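1. predicted coordinates and the sequence they were generated for:
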Amino acid sequence: MAEQKLSIYEKTEIDGPATKRHKKLVWIGYAVFVVLGLLPTIFKMSWAWRVFGAGLIVPGGGFLAIGGVSGVLLFLLTFLLLCVLGLGLWWATGAQFMPFLIWWGTAILNATVWLREPKWGAYTGIILALVLAALYFVGTRIHNSRKNKAYLARQKERLAFYEEEIPAELAMAEPEVPDGDFEMTEEQLRQERYLFDTALQPLGSWEGFNSVHFPQFPTNSVRYQINQILNTLQQIQCQYTPNFHGYANQAQQDLITKYTHPKIWRYWRLENIWGNGKLSGDPFQWDNVMMTGFFLINVTMYIRNTGDRRYEEPGSITFKDAFATYPYDVHRIAERIKENWANQEYIVYPCEPNFMYSLCNWKAIQSMVSYENLYNTTDWTDNEVRVYNAFVREMGCPDGSSYLFKSDRTGVGVNLPIPTAESFQITMYNTADPELARQTFAFFRQGSYKRDADGTLIHNAIPIDHGDFSMNYCDCAYLAMMPAAEMGDREAYEAAKKTLDERGVRIEENGTIHYRCSTEVNAGVLQSTINSRNGWRRAVVDGPAECTKNAPLLSDAKYEDVMVAKAFSHGTDLELVLYPFEESGCETTLGFSRLQAGATYTVQETGAQFTADGNGEASLTVGLSGRTPLTILPA
């Protein structure tokens, strides 16, 4: 019998089968350490060995065995180092040896350099270490039981809440914007120009990117900035300007090329060595869904929006450094995702070695949805139930939330107790499971907004920017605006937009507009303002409107002159809305292609005519002043 797709609200316990298995192995392994730690005491070995054994029972236990005020303080310091440095570096960089280095290193230190005579007697500190280990075991069991009951109680509450909330949300949701009705404002164009300036700089330049010289492990890494700029430019091209290529295409090509620079991906060689014990620096072969999942959709959307098939060629996306060359193309990247799904124990798979993130795995899911729709394959459909159910079982929680991240080697995960953690995923859910997206948005809305005395909806904002770790409200605002727009909730969108308008620092310079926040968040802010009901879903699943394909193109517009607010064709015409970059206006020459060879065209607004050459190409000089509509029709 075929496996049936699960609902996250069908879960009755937190842990899935793989999680349970790894937690059991961890406890067995820990029990072995406790027994080994007790052996020196049981067999009355030397004091140094007994101190070392106490250090195996609990991190810093050797300091407790020695006792005294200094022993307690050093025990607490060891615990603090283990949590902050050991677990912190393990989480941030995949360096799984760090917790054990601190744990076992202090045990050795206790028994050698810091060996002292016992201040509490020969057994007091060792018994105390054993009691702490027992308390930890019992406390964990009690905590997990209580947590599971709390999740099940919230599950019941939320299912009842959805019965009223979701029909109400659907009733007030804005309709989808029809194809051909999308048009950017001048404000949005100047925000987009900020992204274009960043994307179109010389390939060896990194002006405008954050944390270029920072280790490329955390969320401020340059790769995420490139991914988000591409997401934004690609949704704009798909819906607002599907019949404009020119510098829009060039910007995407340059960013994809930048993504292959060793600066972006060489972190993986280190992480793979100290996290997986593998020497390969191949960024897509195993784990590292934080690259494959994020990047594949950038390539598939470029191909789908433009019809440019260059990235289908073997080796067209090549990662090369001083040690090795890894040739890829769009199909090989997709194969890597499927290979990981097929071979990983949890099916969903890690970013850094050992740590699986819900967000990153949903990036992979939406990438495969995009790939399947681009090539009319069943690559996602064939894996959908298995991958989705693995996410539900291993990463989902019974109340509909999901773990921010989970250690695949220990089964231990972290689920942030704030609804903002889910906002990242709502638009991605909508590409593959609109019902889950709607449910998740309902409890996100419930937890992220409140009403004042007058009944006005107020957005609860947190001042943190995951793109550069600065304190600003732009990140939280866009993370609320994007799903609100996707769900068609204008009230929630405007409440979050008010946060951006009142608390975000808006900067105008060199003809561009941006906010005082990270480059990634600036791109996200723009995407949230151009999004609409089911906007991201339509961009990923449907792509550009069918009538725009093989239709007339604005193929060349001078970057220094022209900003393109709309470029849409119904098949033989071309509807343009252009703005001059300089507010004073300009005269510029536009280039067209995919016209009917030898045919004459008329500009409806001016009456000007031009004739396509034998290649279906033509040029036209126009004057731009403010918002300038140009409707080009066959004569």
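-> Arrived safely, thanks for sending.
2. roughly how far apart are Pro175 and Asp181?
-> Distance from Pro175 to Asp181, counting by C-beta to C-beta, to the nearest Å: 11 Å. All C-beta atoms are positioned from the backbone trio N, CA, C, and that covers glycine.
3. nope, Val84 is what I meant
-> 53 Å.
4. can you pull the contacts of the residue lying closest to Asn276 once chain neighbours are set aside?
-> Using C-beta to C-beta, 6 or more residues apart in numbering and skipping the chain neighbours, the partner closest in space to Asn276 is Pro353 (4.7 Å). Shown in contact with Pro353 (C-beta atoms under 8 Å, 6 or more residues apart in numbering): 94, 96, 271-272, 274-276, 287.
5. my read: Gly67 touches Glu117, true?
-> No - look at Gly67 against Glu117 with C-beta atoms under 8 Å: they stay out of range, at 9.5 Å.
6. who's more crowded, those two?
-> Gly67 (20 against 8; other C-beta atoms under 10 Å).
7. tell me the contacts of that one?
-> 118-121, 124-125.
8. just Pro580 next, same as before
-> Pro580 sits next to 561-563, 586, 588, 624-626, 628 when contact means C-beta under 8 Å, 6+ apart.
9. what values do phi and psi take at it?
-> phi -80, psi 150 (degrees, to the nearest 10).
10. beta partners for it?
-> Val562 (DSSP bridges).
11. relative to Val622, how far out is it?
-> Applying C-beta to C-beta to Pro580 and Val622 gives a distance of 10 Å.
12. ditto for Asp452
-> Taking C-beta to C-beta, one finds Asp452 at 49 Å from Val622.
13. pick out whichever of these two has more residues nearby.
-> The neighbour comparison of Asp452 against Val622 (other C-beta under 10 Å) goes to Val622, with 18 against 8.
14. sec struct for that one, please.
-> strand (DSSP: H, G, I helix; E, B strand; the rest coil).
15. so what's it bridging to?
-> Going by DSSP bridges, Val622 forms beta bridges with Thr588.
16. which residues touch it?
-> 578, 587-590, 603, 606, 608, 628, 630.
17. please repeat the previous calculation with a cut-off of 7 Å.
-> 588, 590, 630 (C-beta atoms under 7 Å, 6 or more residues apart in numbering).
18. and Gly396, what are its phi and psi?
-> Backbone torsions of Gly396, given as degrees, to the nearest 10, read phi -80, psi 160.
19. so what's the closest residue to it other than its chain neighbours scoring on pLDDT?
-> Leaving out its chain neighbours, the residue that sits closest to Gly396 by C-beta to C-beta, 6+ apart is Ile8, at 4.3 Å. Ile8 is assigned a predicted lDDT (pLDDT) of 85.
20. Ile8 contacts Met395, doesn't it?
-> No - shown here, Ile8 and Met395 do not form a contact pair, counting by C-beta atoms under 7 Å, at 9.4 Å.
21. those two - which one has more neighbours?
-> Met395 (25 against 22).
22. and that one, how far from Phe443?
-> Computed as C-beta to C-beta, the Met395 to Phe443 distance reads 17 Å.
23. how about the contacts made by Leu6?
-> Counted by C-beta under 7 Å, 6+ apart, Leu6 has contacts 389, 392.
24. can you tell me the element it falls in?
-> Counting by DSSP states H and E, there is no helix or strand that carries Leu6.
25. how near is it to Arg386?
-> 11 Å.
26. do the same with Arg158
-> 26 Å.
27. so for the two, which residue has more residues nearby?
-> Arg158 (21 against 14).
28. what's the helix or strand hosting the more buried one packed up against?
-> Element membership for Arg158, per DSSP H and E: helix 124-172. Other elements packing on helix 124-172 under the criterion 3 or more C-beta pairs under 7 Å, 6 or more residues apart in numbering; DSSP states H and E are helix 47-57, helix 61-66, helix 434-448.
29. can you do 8 Å?
-> helix 17-42, helix 47-57, helix 61-66, helix 434-448 (3 or more C-beta pairs under 8 Å, 6 or more residues apart in numbering; DSSP states H and E).
30. just want the angle from it to helix 47-57.
-> 10 degrees (axes from the mean of the first three to the mean of the last three C-alpha atoms, to 10 degrees).
31. quick one: average pLDDT of helix 124-172?
-> 87.
32. list the buried residues for the helix or strand just after that helix?
-> Where DSSP H and E defines the elements, the next helix or strand beyond helix 124-172 is helix 186-199. Buried residues in helix 186-199, defined by neighbour count with 16 or more other C-beta atoms under 10 Å: 188-199.
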